[in-house]
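Visitor: only geometry, no sequence info:
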Ligand SMILES: Nc1nc2c(ncn2[C@@H]2O[C@H](COP(=O)(O)OP(=O)(O)OP(=O)(O)O)[C@@H](O)[C@H]2O)c(=O)[nH]1
Ligand SMILES: [Mg+2]
């Protein structure tokens, strides 16, 4: 049709601009095709087992997805990787915000890669789901490690619940191990329940502390100290060295009050500086001694078996809970039931019973 005749029609279109000839149509098509192709589970497994980091990252993204199709594929990949995992040491690191966990991991991780180890750094940080804050911070704190070809850093997965975040990290460990990483470091913030979750997925648990103003033992959750295989006082540099040594003595005294560990290992105390590197090699020496002892007395393997059982039950609990609260019928009933309980019209136990019966019907 002639453009001039058509000018007044509401349906008229202005002539578009055609793509410059320099852009080849085949290239465009190829790029579009490439974007759409998702690697199969088999090709991901093959890539991971041959140490391909892009495939590792892709598989972790599947683990972190909420899409049921992705999860099914993730499970397939994890199952295939499982047999190749387990030949590693998993180290948990906790401590209050600002104690220097990320800086410590940068220094400690670099020491490990200098010993020829392949290090994966993961995080369990439920708060990052909201703030996404620590991700950027960590990448800048771990400047050296980020560039190190023998290190892989993956920020905390996001999720609605700690259980969900922890499960994803736990599965990520398997993938990293299958990809050839022999030392897995898991950082977590020393607040809330995340330490317990991390403790149940690692072999060695390290509590990072800093020297305070003489009140070292205040404000420390007893449970966390009891879980620790080592307490390391960080920032032992400059004027702080003397205070750090004093804190070490105090923690040592406090640790003696705890009952003996099932592992046969006595928790140790040490000082280090993540900035100068003083005391960092010694932390690895301590962990090596722990590994020697727990391999000899078989605690290492027994604990991993126990942890597998724990994660089986934990995952079932998590899924059941999610399923229950996502159930539309339950959601509709829950609000009115809450009100009834608030007004003492029904006891919480009887109300729970009714909801559960409804759900399981
Ligand atoms: N002097 C000194 N400063 C340190 C040392 N380790 C860490 N810092 C400093 O302490 C601050 C906090 O360090 P981070 O490594 O971010 O601490 P973090 O525990 O990872 O903190 P969150 O991720 O917020 O929980 C930074 O300014 C570091 O430079 C150390 O050994 N000596
Ligand atoms: Mg940090």
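Guide: Looks like it arrived, so ask away. Keep in mind the model is a prediction, meaning the values are calculated, not measured. Numbering: from 1, shown residues only. Ligands and ions are numbered 1, 2, ... in the order given.

Visitor: Name the single longest helix found in this protein.
Guide: Ordering each helix of the chain by length in residues (DSSP state H) puts helix 299-326 first.

Visitor: tell me, how many neighbours does the residue in the stretch 251-361 of the chain positioned nearest to ligand 2 end up with?
Guide: Here the stretch 251-361 of the chain gets closest to ligand 2 at one residue, residue 274, 11.1 Å apart by CB to the ion. C-betas here are computed from N, CA, C, even on glycine. Using other CB atoms under 10 Å, residue 274 has 25 other residues around it.

Visitor: how about the residues of the stretch 51-200 of the chain that lie near ligand 2?
Guide: Residues of the stretch 51-200 of the chain found near ligand 2 (CB under 5 Å from the ion) are 101-102.

Visitor: Residue 318 touches residue 162, doesn't it?
Guide: No. Counting by CB atoms under 8 Å, residue 318 sits too far from residue 162 to count as a contact (9.6 Å).

Visitor: thinking again about what came up before, helices and strands around the longest helix of the chain, which ones?
Guide: Judged by 3 or more CB pairs under 8 Å, 6 or more residues apart in numbering; DSSP states H and E, helix 299-326 is in contact with helix 162-178, helix 280-296, helix 328-342.

Visitor: Relative to residue 193, which of these is closest?
Guide: Closest to residue 193 of the helices and strands packed on helix 299-326 is helix 162-178 (CB to CB; 5.7 Å).

Visitor: picking up where we left off before, let me know which of the helices and strands packed on helix 299-326 is tucked in deepest.
Guide: Mean neighbour count (mean count of other CB atoms under 10 Å) peaks for helix 162-178 among those, with a mean of 23.

Visitor: C-terminal to that one, what's the next element?
Guide: Next in sequence after helix 162-178, counting helices and strands by DSSP states H and E, comes strand 183-189.

Visitor: Now for residue 242, how many residues are close by?
Guide: 10.

Visitor: near ligand 1, which residues of the stretch 1-150 of the chain?
Guide: 95, 97-103, 134, 141 (CB under 6 Å from any ligand atom).

Visitor: What about those residues, which one has the most neighbours?
Guide: Neighbour max across those (other CB under 10 Å) = residue 101, 26 neighbours.

Visitor: That one against residue 93, yeah?
Guide: Yes. Applying CB under 8 Å, one finds residue 101 in contact with residue 93, separated by 5.5 Å.

Visitor: list the residues that contact both of these two?
Guide: 187, 208 (CB atoms under 8 Å, 6 or more residues apart in numbering).

Visitor: In the stretch 101-250 of the chain, which residue sits closest to ligand 2?
Guide: Counting by CB to the ion, the stretch 101-250 of the chain gets nearest ligand 2 through residue 102, at 3.4 Å.

Visitor: Nearest spatial neighbour of that residue, chain-adjacent residues omitted?
Guide: In this structure, residue 102 finds its nearest non-sequential neighbour in residue 141, 3.8 Å apart by CB to CB, 6 or more residues apart in numbering.

Visitor: Show me the strands in this protein, by range?
Guide: Assigned by DSSP state E, the strands in the chain fall at 89-95, 119-124, 151-153, 183-189, 204-210, 230-234, 268-271.

Visitor: Tell me how far the residue of the stretch 101-250 of the chain closest to ligand 2 lies from residue 179.
Guide: Residue 102 sits 22 Å away from residue 179, going by CB to CB, to the nearest Å.

Visitor: What of residue 212?
Guide: 40 Å.

Visitor: Counting neighbours, go ahead and name the busier of the two.
Guide: Here residue 212 and residue 179 are set side by side on neighbour count (other CB under 10 Å), and the busier one is residue 179, at 25 against 13.

Visitor: I'd say that one and residue 46 touch.
Guide: No. Assessed by CB under 8 Å, residue 179 is found out of contact with residue 46, at 11.5 Å.

Visitor: lowest-pLDDT helix or strand in this structure?
Guide: helix 3-6 (a mean of 48; mean pLDDT, DSSP states H and E).

Visitor: related to what we said a few turns ago, okay, the residues of the stretch 1-150 of the chain next to ligand 1 in a markdown table with pLDDT next?
Guide: Below are these laid out as a markdown table (pLDDT from 0 to 100):
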| residue | pLDDT |
| --- | --- |
| 95 | 88 |
| 97 | 82 |
| 98 | 85 |
| 99 | 89 |
| 100 | 91 |
| 101 | 91 |
| 102 | 91 |
| 103 | 93 |
| 134 | 49 |
| 141 | 72 |
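
Visitor: What is the nearest of those residues to residue 294?
Guide: Here the nearest of these to residue 294, counting by CB to CB, is residue 95; it sits at 22.9 Å.

Visitor: Now the closest one. Nearest residue, chain neighbours left out?
Guide: Sequence neighbours aside, residue 208 is the residue nearest to residue 95 in space, at 3.4 Å (criterion: CB to CB, 6+ apart).

Visitor: Which strand residues bridge that neighbour?
Guide: For residue 208, the beta-bridge partners are residue 232 (DSSP bridges).

Visitor: and it, what is it in contact with?
Guide: Neighbouring residues of residue 208 by CB under 8 Å, 6+ apart: 93-95, 99-101, 104, 232, 234.

Visitor: Residue 253: how many residues sit nearby?
Guide: Here the count is done by other CB under 10 Å, and residue 253 has 12 residues near it.

Visitor: could you give the angle of the longest helix of the chain to strand 204-210?
Guide: Counting by axes from the mean of the first three to the mean of the last three CA atoms, to 10 degrees, helix 299-326 lies at 80 degrees to strand 204-210.

Visitor: Sounds good, over and out.
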